[in-house]
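A.B. asks: have a look; sequence and predicted model below, questions after that.
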Amino acid sequence: MMNIVIFGAPGAGKGTQSDLLVKQYGLIHVSTGDLLRKEIAVQTELGKRIKSIMDSGSLVSDDIVVEMIDNAIAKDNYGMLFDGFPRNVAQAEVLDKLLAKHGRKLTCMVSLDVPREELIRRMLERAKVSGRSDDNEETIKNRLKEYEAKTKPVADYYESKGLQVKVNGMGSVESISTAIISEIDKRK
Ligand code: AMP
């Protein structure tokens, strides 16, 4: 059973590539961003608490996302694709423990490399259709700041475990997908 993390800055194409990977390998797609947006859309107590944090582009607390991931792993007995999680080293350590608790381990972490100007361009482009309240110039800057400060060290965490697979995130959606699949197939 494969368990994969797709990693990269906001706007790197994690969501787009996740859709293709799910089709290719029959994985369950777990996007913490999507799960959190759903809580806001249906106005749960949790949704009300996290809306302003997400609108500012900051990370929500680890407890909230860890619980979501724990539930997702417990519920599905399939391989999983984690998208938008882990976002800091503490979350990466928790993921290892949660997977071990369920007798699983990580196959690899696929890291999409995209230059900053292109990330901003893509997010502003997406803003025209996504309806996401955090796809605006000011929030994008804070999301990239959070990424640099908290999320980027996650790459070193997986690198030190020999689990990081780096893929160039520039090019057509199809060519990037082909590159990712060929890397994953080497590690299956
Ligand atoms: P995303 O859809 O992955 O770009 O996430 C959108 C927003 O959801 C982020 O800017 C954070 O506010 C929040 N978020 C998503 N995943 C996490 C996570 N693993 N830890 C903390 N906050 C998260």
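C.D. replies: Yep, it's here. Residues are numbered from 1 along each chain as shown.
A.B. asks: look at the residue of the chain found nearest the ligand and give its secondary structure.
C.D. replies: Among the residues of the chain, residue 33 lies closest to the ligand, at 2.0 Å counting by C-beta to the nearest ligand atom. (Glycine included, C-beta is placed from N, CA and C.) Counting by DSSP: H, G, I helix; E, B strand; the rest coil, the backbone at residue 33 sits in helix.
A.B. asks: residues in contact with it?
C.D. replies: The contact partners of residue 33, by C-beta atoms under 8 Å, 6 or more residues apart in numbering, come to 83-84.
A.B. asks: for the nearest residue to residue 7 once chain neighbours are set aside, give me the backbone phi and psi.
C.D. replies: Nearest residue to residue 7 in three dimensions, chain neighbours excluded: residue 111, at 4.6 Å (C-beta to C-beta, 6 or more residues apart in numbering). Backbone torsions for residue 111, taken as degrees, to the nearest 10, come to phi -110, psi 120.
A.B. asks: still on that earlier bit, how far away is the residue of the chain closest to the ligand from residue 58?
C.D. replies: Computed with C-beta to C-beta, to the nearest Å, the distance linking residue 33 and residue 58 is 13 Å.
A.B. asks: and the residue nearest to residue 7, what's its pLDDT?
C.D. replies: As predicted, residue 111 sits at a pLDDT of 98.
A.B. asks: next one: the one 3 residues further on
C.D. replies: In this model, residue 114 is scored at 98, pLDDT.
A.B. asks: could we number from 717 for the rest of this?
C.D. replies: Renumbered: residue one is now 717, and that last one reads residue 830.
A.B. asks: that one touches residue 730, doesn't it?
C.D. replies: No - when contacts are counted by C-beta atoms under 8 Å, residue 830 is not listed as touching residue 730 (10.2 Å).
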